[in-house]
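[1] Whatever this is, show me its structure:
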Amino acid sequence: VQLVESGGGSVQTGGTLRLSCAASGDTYCMAWFRQAPGKEREGVATIDSDGRTTYADSVKGRFTISQDNAGYTVYLQMTSLKPEDSAMYYCAADPGPVGRAIALQRTTYRYWGQGTQVTVS
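    The predicted structure is shown next:
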């Protein structure tokens, strides 16, 4: 499965961006991670094929993950952006169910995109 992200860019503090990730094949769970320079890659949000979502505490109430009806494209709507949200954002996916306890862990996911840069200033 190949994942292709799009939608990154530069915005001012308080602005909005929407990221998209298109999958080339079937997946069960899709997620967004981010990695800032010098920091570990961290889970941001996940969604499974039943529409159940998980969010990192740092983005709850500001970011929304969703998917299209076919389940091949996942979106990350980001609002009230802060400078600390600046990072490379990666899409991830796995073909099997993912328990909530590990949904935001990097090692959970088999497939990864190349990333899209988000800069908030």
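[2] Any regions of this structure where pLDDT drops low?
    Applying pLDDT under 70 to the chain flags no residue at all.
[3] Would you map the strands across the protein?
    3-6, 9-11, 17-23, 29-35, 42-48, 53-55, 63-67, 73-78, 87-94, 111-112, 116-120 (DSSP state E).
[4] closest to residue 104 out of the ones you listed?
    strand 42-48 (2.8 Å; C-beta to C-beta). Glycine gets a C-beta too; all of them are placed from N, C-alpha and C.
[5] Now do that closest one: everything it contacts.
    The contact list for strand 42-48 (C-beta atoms under 8 Å, 6 or more residues apart in numbering) reads 28-35, 53-56, 59, 63-67, 74, 76, 89, 97-98, 103-106.
[6] That strand vs strand 73-78, what angle?
    130 degrees (axes from the mean of the first three to the mean of the last three C-alpha atoms, to 10 degrees).
[7] so what strands line up beside strand 42-48?
    Strand 42-48 has its sheet partners listed here by DSSP bridges as strand 29-35 (antiparallel), strand 53-55 (antiparallel).
[8] Contacts only, for the residue nearest the centre of the chain.
    With distances taken as C-alpha atoms, centre = their mean, residue 32 lies nearest the centre of the chain, 1.7 Å away. Going by C-beta under 8 Å, 6+ apart, residue 32 touches 19, 21, 43-46, 65, 74, 76, 89-92.
[9] how does it look with 10 Å?
    Going by C-beta atoms under 10 Å, 6 or more residues apart in numbering, residue 32 touches 5, 19, 21, 43-47, 55-56, 59, 63, 65, 74-76, 78, 89-92, 104, 113, 116.
[10] If any of those residues are buried, give me the ChimeraX selection for them.
    Listed next is the ChimeraX selection for buried residues among those, using 16 or more other C-beta atoms under 10 Å:
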select :5,19,21,43,44,45,46,47,55,56,59,63,65,74,75,76,78,89,90,91,92,104,113,116
